[in-house]
Every structure is written in C-alpha cells, then in structure tokens.
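Undergrad: Fold the following.
(one chain, ligands or ions: 1)
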Amino acid sequence: MTPSSHGLTIIANRLPVQRVEHKDGFRWQTSPGGLVSSMIPVLRQGGRWIGWGGSHTQSLQPFRHEDIDLIPVSLQPEEVEHYYSGFSNRTLWPLFHDALRPPEFHRRWWRSYQNVNRKFAKIAAENMDPSGTCWVHDFHLQLLPSLLREQHPRAKIGFFLHIPFPPTELFAQLPWRVHLLEGMLGASLIGFQTPFGASNFRNVAERFLGAELDGDDIYYRGRKTKTGSFPISIDTESFEEMTRRPSIQAMARELRADLGGNRKILLGIDRLDYTKGIDMRLRAIETLLIANPNLAKEFVFIQVGVPSRENVPDYEELRSRIESIVGRINGRFGEPGRVPVQYLYRNLPIQSLVSYYMAADIMVITPLRDGMNLVAKEYVASKTNNEGCLILSEFTGAANEFQEALLVNPHDLDGVANTLYQAIKMGTAEGRRRMLSLRHKLHRNNVFHWSKNFLESLGELEVVRV
Ligand code: F6P
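TA: Numbers count the residues shown, from 1 in each chain. Coordinates of the predicted model:
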C-alpha cells in the first residue's frame with residue numbers, strides 16, 4: 001500500500017478529463033457529465049481515478065488535475081481496436097442494447113478484452129488500499145471485480161453498469177457469458193439503472209452459473225453479492241444555476257429569435273448512436289408533416305448529433321442515413337429561408353446546450369434502448385420556469401422515473417407523430433402540471449444522492465465468505 005492509497009478508488013474506461021490541444025501543446029480539461037461531477041467532491045477528500053487517457057495519450061505518468069489523482073492506463077493501438085472498438089463497442093454494446101445491430105463475436109477481441117481488464121486490474125491493485133473501497137464502472141470492465149478480488153479479498157468492491165443489462169435470450173448468445181458473469185460477481189454490490197436490469201442479471205446468474213438467489217442477493221462459490229437499482233442522475237443545481245446566467249439567457253433569446261419567434265421549437269440532442277433512434281424520430285417528423293403539411297410553418301425541429309465512435313462502421317452508416325432523411329424532409333417541406341429540420345453534427349459546450357434546453361418548447365427523446373438518458377434530466381433541470389414538454393421513449397431508464405412525460409414507443413411512427421402533434425397543441429396548464437411533477441421527481445434524486453446511496457450501500461456490506 002502506498003502512502004496515498006487511502007480513500008476511494010474509481011476505475012472506469014476513461015479518465016474524467018479530456019485532452020485539449022492548443023498552439024503551445026495541450027492541457028487537460030474536466031469532462032462534462034454526471035459521473036465526473038458527482039465523484040470529484042468525494043475524490044478530493046482522498047482517492048484516485050484510474051482510466052484510459054484517450055487515443056493520443058500513450059505512456060502517460062500519473063498526474064494531478066484539480067486536486068484529484070489521476071492514474072492513466074495506456075492502451076496500444078491494437079488494444080484500442082480490439083478491446084474498445086471491437087469487444088466493447090461491437091460485441092457488448094449492441095448485445096446489451098436489444099441487438100439493434102447484430103453483435104459480432106470474435107475470439108481475438110475477447111482475448112484483448114481479457115488482457116486489458118488484467119492490465120487495469122494490475123494498476124488498480126497496486127494503487128488501492130487492500131481493504132479500501134473500489135468502484136468499477138461500466139461494460140468495458142466487467143471482468144475487473146473478480147480480478148481485483150483475487151488480489152485484495154478484503155476490499156469493498158462495487159460495480160455499476162451504466163447501460164441496460166439484457167434479458168436471458170439475448171445474453172445467452174455471448175460465447176463468454178460465464179466468464180463475464182463470474183467477473184462481475186467479484187463485486188460485493190452490483191448496481192443497475194433499473195430494477196429490470198438487476199432482475200435480468202440475477203436470472204442469468206442463476207441460469208448459467210447455477211448461483212443461488214435470495215431476494216436481491218446472489219450466492220456463488222461461497223461469496224455473496226448484492227444487486228440493486230440505482231438510477232443515475234445529474235447535478236441538478238448546476239443546471240439551474242446556468243439558467244440564471246444572463247449570458248446563457250441571452251443565447252436562448254437569440255436562438256428563439258433566429259428560429260422565428262412564434263414557431264414552436266422541438267429539440268433532439270444525442271450522441272450520434274444507433275441506439276438513440278434519431279432516424280426513426282426524423283421519420284416520425286416526416287409522418288407528421290405528410291399528414292399535416294401546414295404544420296411546417298408552425299414548428300422547427302433542431303437535431304444536434306454529437307460525433308461518437310466514428311471509426312465503428314455502423315456509426316458512419318447511421319450518419320449518412322440521418323443526413324439523407326434530413327435532406328428529404330427539408331427538400332419536400334422547406335421554403336426559401338425556412339426549413340422544418342435544422343441538423344447540427346458537432347460537440348456543443350454545456351452552456352450552449354443549456355440555452356437550447358431553455359429555448360426548446362418540446363424535447364424529443366426517443367431512443368430504441370437507453371440505460372438512463374441524462375439529456376432528459378438535463379432538459380427538465382433547465383426548465384426552471386416550469387414550462388416545456390418532454391416526449392420520452394418507454395425504452396429509456398429515465399421513463400421509469402418520468403412517468404409524467406409523454407411516453408412513446410419509438411418504433412411506432414404513427415404513435416410518435418400523434419404525440420408530436422399533441423405536444424405542439426398542448427395547452428400551458430397541462431404542460432406546467434406535467435413539468436412541475438417531473439421537476440419534483442428530479443429534485444428527489446440528483447447525482448449526489450445517487451453516488452451517496454451506492455457508496456453507503458457498499459459500505460454497509462460486510463465482505464464475508466458465506
Ligand atoms: O453510456 C455508456 C458510455 O460509455 C458513457 O459512459 C459514455 O459517456 C458514452 O457511452 C460514450 O462512450 P465512449 O467512451 O465510447 O465515447
């Protein structure tokens with residue numbers, strides 16, 4: 001144990017920082033997002049974050065950023081290709097998202113996934129307190145809990161899966177299903193976004209490992225693992241604070257004026273991922289316009305697609321498909337100087353996103369499958385005037401909490417088109433009633449409650465053999 005190894009150890013695929021190039025070199029910038037903002041205050045009291053620094057950062061030494069110790073894991077180009085782009089993004093990602101694209105099973109990707117998990121385990125085991133608390137995140141590192149447990153049997157090891165855990169019929173396809181389950185069961189506590197994910201996991205542990213179940217607890221090879229639903233959230237207060245900034249309010253006003261004062265603003269903001277249902281959403285807009293061509297004067301739909309995993313072929317193909325649907329809709333329903341769909345393919349700073357949320361009358365979030373969807377929570381947090389309307393897919397974790405949203409089945413084009421129509425025509429009283437109730441729910445569970453709940457549950461567990 002090194003002198004600085006006390007406190008919490010967080011292990012995730014990526015470090016909580018991004019490398020930003022400038023003319024004299026580069027600097028590190030804290031990444032946006034709930035996980036990072038919730039962990040930073042905890043880690044400042046002592047602890048470290050272990051993760052990959054990104055593609056252009058080989059052989060990095062540990063460093064401190066904003067009072068937090070960061071321990072980089074270097075990945076070779078072949079590991080990035082096989083462990084990250086391959087097994088994580090082309091095997092596990094589609095398999096855990098309803099096989100929306102056929103998962104690919106390649107033994108060389110699996111070998112690389114095992115090796116990289118071992119690499120993370122070695123670095124983590126050297127840097128953590130053997131009887132301390134260690135929190136492993138997400139699908140890239142599902143073997144890690146057991147690998148750590150072998151080295152530090154007394155550690156409090158927690159695992160949280162940010163994406164959905166699939167039902168038995170899908171998980172069964174994975175040739176290495178037993179290894180993956182055994183890997184996760186090294187943890188004392190495994191958290192999922194919803195009770196459905198937790199229950200899917202318990203079912204496959206029973207079926208493929210012969211593990212014994214007792215309520216939320218799983219007994220396997222003399223150890224007990226607790227499972228539970230811990231829906232992640234956002235730093236609500238920081239979004240509310242941004243809506244009070246005059247500069248952000250001015251951006252929202254400008255956006256509204258630029259888009260034509262009286263038109264309703266519909267908004268979609270997503271990583272450009274096939275799980276997000278952006279192409280289906282555009283086709284629902286098209287369906288709406290075919291049935292009601294006059295509506296083209298009444299609304300504008302802004303879709304922001306944030307570039308993501310651009311070297312994975314399915315993502316490239318999706319981008320061209322989306323661009324072609326946008327062109328088709330605007331070609332048919334646009335007029336000089338006025339198009340119904342405005343599409344932006346880029347990263348936007350968080351301040352701009354908040355100004356978009358503030359300006360938007362209707363937020364359209366229609367993933368085909370999504371672990372949680374924090375954009376839905378960010379939109380609700382930014383509606384401090386209690387106005388606005390959220391259309392939300394039933395297949396998101398957020399729908400479990402946000403029952404007052406207009407819930408839709410994103411595969412049902414007519415159903416989504418009807419809900420879009422209902423939202424455009426909705427009276428202010430109904431909108432307010434729904435938004436107030438969504439905001440009330442959001443305030444009950446911010447990201448600090450989430451991390452506190454998980455860490456307290458982990459802390460209460462005794463690390464015992466049964
Ligand atoms: O939701 C899963 C997740 O891995 C997030 O943690 C991350 O922000 C997002 O997908 C994008 O992931 P990547 O690290 O592949 O860019």
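Undergrad: which residues touch the residue in the chain that the ligand sits nearest to?
TA: Of all residues in the chain, H162 sits closest to the ligand, with a separation of 4.5 Å (Cβ to the nearest ligand atom). Using the backbone N, CA and C atoms, a C-beta is placed for each residue, glycine as well. By Cβ atoms under 8 Å, 6 or more residues apart in numbering, the contact list for H162 reads L35, H137, D138, F139, Q193, I232, G371, M372.
Undergrad: same thing but at 7 Å, please
TA: If you count contacts by Cβ atoms under 7 Å, 6 or more residues apart in numbering, H162 has them with H137, D138, I232, G371.
Undergrad: Near the ligand, list only the ones from those.
TA: D138, G371 (Cβ under 6 Å from any ligand atom).
Undergrad: possible to save the contacts of H162 as JSON lines with secondary structure?
TA: Output for these, formatted as JSON lines (DSSP: H, G, I helix; E, B strand; the rest coil):
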{"residue": "H137", "secondary structure": "strand"}
{"residue": "D138", "secondary structure": "coil"}
{"residue": "I232", "secondary structure": "coil"}
{"residue": "G371", "secondary structure": "coil"}
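Undergrad: from the contacts of H162, which single one is nearest E286?
TA: Checking the contacts of H162 against E286 by Cβ to Cβ gives G371 as the nearest, at 28.1 Å.
Undergrad: Spatially nearest residue to that closest one, not counting backbone neighbours?
TA: I163 (4.2 Å; Cβ to Cβ, 6 or more residues apart in numbering).
Undergrad: ok, the one you found - how many residues close by?
TA: Applying other Cβ atoms under 10 Å, we find 20 other residues in the vicinity of I163.
Undergrad: ditto for H179
TA: The local packing count at H179 equals 16, with neighbours defined by other Cβ under 10 Å.
Undergrad: does it sit in a helix or strand, and which one?
TA: Mapping H179 onto the secondary structure by DSSP states H and E places it in helix 177-184.
Undergrad: For H106, see how far away the residue of the chain closest to the ligand is.
TA: The gap separating H162 from H106 is 24 Å, by Cβ to Cβ, to the nearest Å.
Undergrad: ditto for R444
TA: When Cβ to Cβ is applied, the distance between R444 and H106 equals 44 Å.
Undergrad: Neighbour count for those two, which is higher?
TA: Neighbours of R444 and H106, each counted by other Cβ under 10 Å, are more numerous for H106; the result is 14 against 10.
Undergrad: For that one, give me its contacts.
TA: Listed by Cβ under 7 Å, 6+ apart, the contact partners of H106 are G86.
Undergrad: Equivalent analysis for Q342, please.
TA: Residues touching Q342, when contacts are defined by Cβ under 7 Å, 6+ apart, comprise V300, I302.
Undergrad: Would you confirm that it belongs to a helix?
TA: No: read with three-state DSSP, Q342 is strand and lies in no helix.
Undergrad: Report the beta-bridge partners for it.
TA: I302 (DSSP bridges).
Undergrad: pLDDT value on it, please?
TA: For Q342, the model assigns a pLDDT of 96.
Undergrad: do you know how far it is from N115?
TA: Taking Cβ to Cβ as the measure, Q342 falls 45 Å from N115.
Undergrad: CA atoms only for the helix holding H179 - export them in PDB, please.
TA: What follows is helix 177-184, C-alpha atoms only, in PDB (Å, rounded to 0.1, in the frame of the first residue of the first chain):
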ATOM      1  CA  ARG A 177     -21.200 -15.400 -20.800                       C
ATOM      2  CA  VAL A 178     -19.900 -17.500 -17.800                       C
ATOM      3  CA  HIS A 179     -16.600 -15.600 -17.600                       C
ATOM      4  CA  LEU A 180     -18.400 -12.200 -17.800                       C
ATOM      5  CA  LEU A 181     -20.800 -13.200 -15.000                       C
ATOM      6  CA  GLU A 182     -18.100 -14.600 -12.800                       C
ATOM      7  CA  GLY A 183     -16.100 -11.400 -13.400                       C
ATOM      8  CA  MET A 184     -18.900  -9.200 -12.200                       C
END
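Undergrad: What residues of that helix count as buried?
TA: By neighbour count, with 16 or more other Cβ atoms under 10 Å as the criterion, the buried positions of helix 177-184 are R177, H179, L180, L181, E182, G183, M184.
Undergrad: now the next helix or strand after that helix, how far from the centre of its chain.
TA: Where DSSP H and E defines the elements, the next helix or strand beyond helix 177-184 is strand 189-192. The offset between the C-alpha centroid of strand 189-192 and the centroid of the whole chain comes to 16 Å, using Cα atoms, centre = their mean, to the nearest Å.
Undergrad: Okay, now the sheet partners of strand 189-192, with direction.
TA: Applying DSSP bridges, you get strand 156-160 (parallel), strand 223-229 (parallel) as the partners of strand 189-192.
Undergrad: Relative to E237, which of those strands is closest?
TA: For E237, the closest of those is strand 156-160, at 22.2 Å, according to Cβ to Cβ.
Undergrad: any chance you could read off phi and psi for I269?
TA: Torsion angles at I269 (phi, psi; degrees, to the nearest 10) stand at phi -130, psi 120.
Undergrad: Next one: it relative to I329, how far apart?
TA: Relative to I329, and taking Cβ to Cβ, I269 is found at 18 Å.
Undergrad: so who does the nearest residue to L353 once chain neighbours are set aside touch?
TA: The shortest distance from L353 to any residue that is not its chain neighbour, by Cβ to Cβ, 6+ apart, is 6.5 Å, and that residue is I269. Residues in contact with I269 (Cβ under 7 Å, 6+ apart) are V304, L353, Y356, V375.
Undergrad: In helices, which of the residues you listed appear?
TA: When these are checked against helices (DSSP state H), the matches are L353, Y356, V375.
Undergrad: Just name the closest of the residues you listed to G215, please.
TA: Comparing the ones in helices among the contacts of I269 against G215 with Cβ to Cβ picks out V375 as the nearest, at 33.5 Å.
Undergrad: what are the bridge partners for the closest residue to the closest one other than its chain neighbours, then?
TA: Across the structure, with Cβ to Cβ, 6+ apart as the measure, the residue nearest V375 apart from its sequence neighbours is I269 (5.3 Å). With DSSP bridges applied, the residues forming beta bridges to I269 are V304.
Undergrad: which bits of the chain sit near the ligand?
TA: So far as Cβ under 6 Å from any ligand atom goes, the chain lies against the ligand at R14, D138, H162, I163, S308, R309, G371.
Undergrad: And stretch 221-230, how far out from the chain middle?
TA: Between the mean C-alpha point of stretch 221-230 and the mean C-alpha point of its chain there is a distance of 23 Å (Cα atoms, centre = their mean).
Undergrad: for the stretch 1-150 of the chain, which spans come out with low pLDDT?
TA: Counting by pLDDT under 70, the low-confidence segments of the stretch 1-150 of the chain come to 1-5, 34, 57.
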